[in-house]
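Novice: structure of the sequence below:
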Amino acid sequence: MTKIVGRSGLLTLVLALLVFPSQGVAQDKPLKKIYWGVSTLSPTLWIPWIAKEAKIFDKNGLDVEAVLLNGSGRTSQAMLSGSLFAASVALPQVMLADLTGADLVNVAHGIGVQASRLMVRPEIRKVEDLKGKRIGISSLGSAGDLLFGYVLRKYGIDTTRDVIWLAVGNTAERLQALMAGTVDAADMTYPADVEAERKGFRPLLDARKEIVYPTASVVTRRKTIREERDTVMRFVRSFVEGIAYLKQNKEFSKKVLTKYMRTTDAEYLEGSYNMFRDDFISVPYPITKNLEAIYEIAAFRRPEIRTHKPEEFVDPSFVAELEKSGFIKKLYEGK
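Specialist: Numbering: from 1, shown residues only. From the prediction side, this is the model:
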């Protein structure tokens, strides 16, 4: 088990530790322990899980332990407090935090889309039907809050008056809230959205079709890069190799997903692999193009974001170094 160390109760850790029991191997030097923050349980986290189980982290001298918090907002706060070395944080949250003086920076994007759907009660047939309804999200300021807030505004919904946002927890908890009638709609990632559909709920909006929204990110602090650049590089190298490992090892990858998502559902495992194998980007540069929707999301909270360029929030040097060295090319040679 892992515990989180936060400042002045910043982290009331919702689920202390998820993930990654320590699995050290004999090495000349002890593995460096780092904490990795995540805001939900979904296949978008597949790569760090694979890097753990395939001992890619070990090979790079890292003992990575993952901490689950509800929402990108809390995750970024934990990183700024010094409790986390790096995390998967939504790009709008990185931008908004940096506007308030933070030094978060995105060093890789594993996926260019958000595999989320807004699942609703069967009587809700169109977006207008959401007026007066309760929408379940992980937490205020979370990726789901920002993303679907933007999409609803695009359809003419006043997200501050027409709907009620309820912070109900992680994906599984949002599904439970939908089933219990606590909410009328909920932001769902795969496979909870499929499970909701099986139980009679219906998808109203599909984020993949509505917006370019980079996910599976690697975010750290500029301070961390200055002080521990080599460790950041070792994490990014592990992340990049983990993507190649997933693409090349289907059955192993499905076993890893079985372990961490705690499911043996063959349809889910096969569907997840087929979807995310293609979604994960082999050369995962932080995305800076076609981000108009991301800017609209951030500008809703902080209009001054429009005066800042996407390049201000990313550091592509780690992936660039791996690509230039031929490391990434070698991962796919003969495959």
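
Novice: where exactly do the strands run in the stretch 151-300 of the chain?
Specialist: Assigned by DSSP state E, counting those that start in this stretch, the stretch 151-300 of the chain shows strands spanning 164-167, 185-189, 202-206, 215-221.

Novice: what residues sit buried inside the third one?
Specialist: So the one you mean is strand 202-206. 204, 205 (16 or more other Cβ atoms under 10 Å). Glycine gets a C-beta too; all of them are placed from N, C-alpha and C.

Novice: try the shortest one
Specialist: Neighbour-count burial for strand 164-167 flags 165, 166, 167 (criterion: 16+ other Cβ under 10 Å).

Novice: and the second one, how far is that from residue 151?
Specialist: Relative to residue 151, residue 166 is positioned 18 Å away (criterion: Cβ to Cβ, to the nearest Å).

Novice: can you check the first one too?
Specialist: Per Cβ to Cβ, residue 165 is found 13 Å from residue 151.

Novice: can you check residue 143 too?
Specialist: 12 Å.

Novice: check residue 274 too.
Specialist: Counting by Cβ to Cβ - residue 274 and residue 151 are separated by 25 Å.

Novice: what's near enough to touch residue 308?
Specialist: Counting by Cβ atoms under 8 Å, 6 or more residues apart in numbering, residue 308 touches 95, 99.

Novice: can you check the pLDDT for it?
Specialist: Here, the pLDDT recorded for residue 308 equals 96.

Novice: same question for residue 238.
Specialist: pLDDT at residue 238 comes out at 98.

Novice: next: residue 19.
Specialist: The model reports residue 19 with a pLDDT of 46.

Novice: can you check residue 54 too?
Specialist: pLDDT for residue 54: 97.

Novice: gap between it and residue 318?
Specialist: For residue 54, the distance to residue 318 equals 20 Å [Cβ to Cβ].

Novice: how about residue 155?
Specialist: To residue 318, residue 155 is 38 Å away according to Cβ to Cβ.

Novice: of those two, who's got more company?
Specialist: Neighbour comparison, residue 155 and residue 318: the larger count goes to residue 318, with 25 against 12 (by other Cβ atoms under 10 Å).

Novice: quick one: the helix or strand hosting that one to chain centroid distance?
Specialist: Assigning secondary structure by DSSP states H and E places residue 318 in helix 317-324. With Cα atoms, centre = their mean, to the nearest Å as the basis, helix 317-324 stands 22 Å off its chain's centre.

Novice: I'm done for today, thanks for sticking with me.
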